[in-house]
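In: Sequence plus predicted model, see below.
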Amino acid sequence: MSEDETMLQDAARGFLDGAAPVSHLRGLRDAGKTLDAKLWADMAAMGWTGVLVPEDAGGSDMGHAAAGILANEMGKTLVTSPFLSTAVIAATALRQVASDRATAALAQIAEGKVIYALAVDEGHKHAPENTQLQAVADGNGFRLTGSKGFVVDGSNADRLLVLAQSDTGLTLFDVPADRDGITRTASAMIDARDAASVDFADVQATGDDVVGTVGDAMTVLRPALEAGQAALAAEMAGLAAGAFEMTVAYLKERKQFGIEIGRFQALQHRAAHLWCESEVTASAVRNAGRMLDEDADNATMAVSLAKARATSTAKLAVIEGVQMHGGIGMTDAFDMGFFMKRGRVAAEWLGDYGYHAERVAAARGF
Amino acid sequence: MSSTDLDTFRAETRAWLEANCPTEMRDGVRNEETICWGGRNWEFISDAQRDWLNVMAAKGWTVPTWPVEYGGAGMDRAHDKILSEELVRLKARLPLQSFGIWMLGPALLAFGSHEQKLQYLPPIARGEVRWCQGYSEPGAGSDLASVQTKADSDGDDYIVNGQKVWTSYADKADCIFALVRTDRDAKKHLGISFLLIDMDSKGVSTKPIRLISGSSPFCETFFDDVRVPKANVVGMEHRGWDVAKHLLTHEREMISGGGAGLLGSRALGAILEEQGGEMDASTRAEALVCEVDALAIGLTLERYKDQAEAGGGVGDASAMLKYQGTELNKRRHELLMSAGGTEALTWDGTHGGLAADWLRTKANSIEGGTSEVMLSIVSRRILGLPG
């Protein structure tokens, strides 16, 4: 890591340890909330929400590697915010477009004044190309009809990026979340975070609401999805690190049969294997951020490699985390369960292990 | 250093390699038969192999990162990486590979005296002297420091007696770097010295060990009253364990590289398809995971090389690299055998060598420290779990 990156990491850790330890997520859950507006405003004040917003739109434009560092630190304590949906995915989509409206939207993101959610999937797996939601031409605009599921941050969102099928192909729309005909239903998610089902019944959209070109959503959406996947991989690597840190600390203090359980080689080797896996995943995660910054058009394999590896490492980390803690790991009073549940949700979001492994295979020619 | 400098270096390197790499050396083959190990008794398989070694050695490019005065080209990591990439691009065979380059060289650079470096490094760089490694002993496998081979003081010399085992290519090597016990009263890690011994010395003998793969790359090596000058100790007398550990980190890196599907190499899935036609679902699923892991481990090797150059070296993390690289290599070869089916079960035929390679990989997670020892190193030294 460069000196700047280390400084960013230290600053993020320092802030999040105070503002959003795991108990913060627990507090939100117990209060029945999924958003801390103060935390989001603080992130904006530090330039985090503008991490991928160009400087002329008021952003800090630190790049994808930096966004990954922030997401990684957030993952360590399961920080709950619309950072990925808004500051990473929506910002990357909007900056592909050269329009005054997009620039204004990016400025709002940088200021922390808007929350975006990406409404893309309809089935139980990530598959943007299978979009059924219809955008039917109507005068100068469109009417949107259909349903989206697992819209992350969908309840808290002010605006939605909606992927629809028009007669010329996939088209991406940017609409206010409270537009007539939109019905949002919050889902009771296992990770205690925000996701919603969103129904569209004859929702009006103008030509101005189209992000990019009609019938060509992917030019805008592909970079946005890849940015989100890379940042989510970084978050999951952080999640694995957070769970692992708790587990190793427990191995050193917990005594059974009169000695620390960390003296048992059976546990030592499993902990060591997990660390080895985490190191390999960390390389893939860093590489993805670097590729998005340096050669975004050719970053697909690097991004999918990171998401696949992070998914498997996070799974291993939480399974071992619960198992090595024993019974206490199964209790709600203990934090490990939060890691396990967030790990499962993150595993599915923006493509699961198989989805990304297939993309790696395609890039490698088999 | 600007990227323009690197671009210029790449262009010059590409032009020079085009002009100087013999056509026969550009077939991309990098297997056991085509390796040039060098040494006093080395028989080149072709004039091209000899010429290729000589032109590369003259530029210091057999050991690009070593200092110029010791036979290298004094390159930093960025230039070295470009040279490697250009060699791969040209599908060039490596001009020279050896334990001298991979293991002894780095140890001498870190611990040797200036005189020792001048004496031993240039012949390694030119492929004139072939080295082997005398670490393991019968009865001392993973517990490497329980060395019994003894070196007793006799004036300016030692008299060495004992036996080494798993000495790779001892029957073909000119010299051996060995761990010997010079102080039998000290604690086991403290009485060891790192000693350079000429295999032509009176009293040295070797006996090949036939392996399950049918080949005999490993030997038993016997020392029977062998006289060795004390000047051949690398580092301080009795403190050879420090040298040995340093060298082990390089050895582990070397072994770990074998399995990593580095970004320039071919995809496992493509090889499997070519070999066995359509893959069944379970083989394909395994191949996918293996490919993902290979790419990520390849990136990790690169990351740690960058880190090592930035200072501090790889240290204990070499245990992680070795563990990941060798376990991956075993998985890859299991898949290759599976894809080959019954055709991979013979010593000859179109897939000849596949079975031998598959069997050979089983040693990867044993030699240079077993996977279990690697996990123990990570557990104690990196995670700080109680011993």
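Out: Right, received. Where do you want to start?
In: where exactly do the strands run in the stretch 1-150 of chain B?
Out: Counting by DSSP state E, counting those that start in this stretch, the stretch 1-150 of chain B has strands at residues B:131-134, B:150-154.
In: With respect to burial, which of these scores highest?
Out: Burial of those is given as mean neighbour count (mean count of other Cβ atoms under 10 Å in any protein chain shown); strand B:131-134 ranks first at a mean of 27. Using the backbone N, CA and C atoms, a C-beta is placed for each residue, glycine as well.
In: Please parse the chain into its domains.
Out: Picked chain A for this. With domains defined by automatic domain parsing, chain A comprises A:3-114, A:117-217, A:218-363.
In: ah, I was thinking of chain B
Out: Taken from automatic domain parsing, chain B resolves into B:3-97, B:131-240, B:257-382.
In: now the end-to-end length of the first one.
Out: Using Cα to Cα, to the nearest Å, the span of domain B:3-97 from its first residue to its last is 30 Å.
In: Where does the residue of the stretch 101-250 of chain A found nearest chain B fall, secondary structure wise?
Out: Proximity of the stretch 101-250 of chain A to chain B (Cβ to the nearest Cβ) peaks at residue A:248, 5.5 Å away. Residue A:248 is part of helix A:217-253 when elements are defined by DSSP states H and E.
In: before we move on, the earlier item: report the spatially closest residue to the residue of the stretch 101-250 of chain A closest to chain B, excluding sequence-adjacent ones.
Out: residue B:383 (5.5 Å; Cβ to Cβ, 6 or more residues apart in numbering or on different chains).
In: The one you found contacts residue A:275, correct?
Out: Yes - between residue B:383 and residue A:275 there is a contact at 6.2 Å, judged by Cβ atoms under 8 Å.
In: looking at the strands of the stretch 1-150 of chain B, which is closest to chain A?
Out: strand B:131-134 (24.9 Å).
In: pLDDT on that closest one, on average?
Out: Per-residue pLDDT over strand B:131-134 has a mean of 95.
In: Specify the local secondary structure of residue A:201.
Out: strand (DSSP: H, G, I helix; E, B strand; the rest coil).
In: I meant residue A:293, not that one.
Out: Applying three-state DSSP: residue A:293 is helix.
In: Quick one: the helices in the stretch 1-150 of chain B, in order.
Out: Along the stretch 1-150 of chain B, the segments classed as helices by DSSP state H, counting those that start in this stretch run B:3-20, B:47-59, B:77-89, B:99, B:105-111, B:114-125.
In: Next: chain A.
Out: Along chain A, counting by DSSP state H, helices occupy A:3-19, A:22-30, A:37-45, A:64-76, A:91-94, A:100-111, A:217-253, A:265-294, A:300-325, A:336-348, A:353-363.
In: Grab the nearest non-local neighbour of the closest residue to chain B within chain A.
Out: At 3.1 Å from chain B, residue A:366 is the closest residue in chain A, using Cβ to the nearest Cβ. Spatial nearest neighbour of residue A:366, chain neighbours left out: residue B:269 (3.1 Å); criterion: Cβ to Cβ, 6+ apart.
In: what's the helix or strand for the one you found?
Out: Residue B:269 is part of helix B:268-276 when elements are defined by DSSP H and E.
In: what element comes up after that helix heading to the C-terminus?
Out: Following helix B:268-276 toward the C-terminus (DSSP H and E): helix B:281-310.
In: what's the neighbour count on the spatially closest residue to residue A:63 that is not a sequence neighbour?
Out: Counting by Cβ to Cβ, 6+ apart, residue A:63 lies nearest to residue A:293, which is 4.5 Å off, once chain neighbours are set aside. Here the number of neighbours of residue A:293 (other Cβ atoms under 10 Å in any protein chain shown) works out to 16.
In: now residue A:293: how far from residue A:230?
Out: 10 Å (Cβ to Cβ, to the nearest Å).
In: and for the two, which residues touch both?
Out: Common neighbours of residue A:293 and residue A:230 (criterion: Cβ atoms under 8 Å, 6 or more residues apart in numbering or on different chains): residue A:64.
In: Residue of chain B closest to chain A, please.
Out: Taking Cβ to the nearest Cβ, chain A has its nearest neighbour within chain B at residue B:269, 3.1 Å off.
In: That residue and residue B:288 touch, don't they?
Out: Yes - if you go by Cβ under 8 Å, residue B:269 and residue B:288 touch, sitting 7.2 Å apart.
In: quick revisit: please identify the buried residues of the helix holding residue A:248?
Out: A:217-218, A:220-244, A:246-248, A:250-251 (16 or more other Cβ atoms under 10 Å in any protein chain shown).
In: so residue A:358 makes contact with residue B:287?
Out: No - Residue A:358 lies out of contact with residue B:287 (Cβ under 8 Å); the separation is 11.7 Å.
In: residue contacts, residue A:174?
Out: A:94, A:105, A:159, A:160, A:161, A:162, A:209, A:210, A:211.
In: residues from chain A in reach of chain B?
Out: Applying Cβ under 8 Å from any Cβ of the partner chain, one finds that chain A approaches chain B through A:248, A:251-252, A:260, A:262-263, A:265, A:268-269, A:271-273, A:275-276, A:279-284, A:286-287, A:301, A:305, A:308-309, A:357-358, A:360-361, A:364-366.
In: buried subset of those?
Out: Applying 16+ other Cβ under 10 Å to the residues of chain A next to chain B flags A:248, A:251, A:260, A:262-263, A:268-269, A:271-273, A:275-276, A:279-284, A:286-287, A:301, A:305, A:308-309, A:357, A:360-361, A:364, A:366 as buried.
In: Got the phi and psi for residue A:365?
Out: phi 80, psi 30 (degrees, to the nearest 10).
In: hmm, I was thinking of residue B:180
Out: Residue torsions, per degrees, to the nearest 10, at residue B:180 are phi -130, psi 150.
In: That one and residue B:163 touch, don't they?
Out: No - with contacts counted by Cβ under 8 Å, residue B:180 stays clear of residue B:163, the gap being 11.5 Å.
In: Have a look at those two and say which one is more surrounded.
Out: residue B:180 (27 against 16).
In: so what's the more buried one up against?
Out: So residue B:180 contacts B:147, B:149, B:150, B:151, B:158, B:160, B:162, B:192, B:193, B:195, B:240 (Cβ under 8 Å, 6+ apart).
In: As CSV, the residues you listed with pLDDT and distance to chain A would be great.
Out: Below are the contacts of residue B:180 laid out as CSV (pLDDT from 0 to 100; distance: Cβ to the nearest Cβ, whole Å):
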residue, pLDDT, distance to chain A
B:147, 92, 24
B:149, 95, 29
B:150, 95, 32
B:151, 96, 34
B:158, 97, 38
B:160, 97, 36
B:162, 96, 31
B:192, 95, 26
B:193, 96, 31
B:195, 97, 33
B:240, 94, 27
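In: Weed out the non-buried ones from those residues.
Out: Members of the contacts of residue B:180 classed as buried by 16+ other Cβ under 10 Å are B:147, B:149, B:150, B:151, B:158, B:160, B:162, B:192, B:193, B:195, B:240.
In: What are the phi and psi values at the first one?
Out: Recorded main-chain torsions at residue B:147 are phi -60, psi 130, according to degrees, to the nearest 10.
In: Contacts only, for it.
Out: Residues counted as contacts of residue B:147 (Cβ under 8 Å, 6+ apart) are B:137, B:140, B:179, B:180, B:181, B:188, B:192.
In: can you rerun that using 6 Å?
Out: B:179, B:181, B:192 (Cβ atoms under 6 Å, 6 or more residues apart in numbering or on different chains).
In: Same question for the fourth one.
Out: Residue B:151 makes contact with B:158, B:160, B:180, B:182, according to Cβ under 6 Å, 6+ apart.
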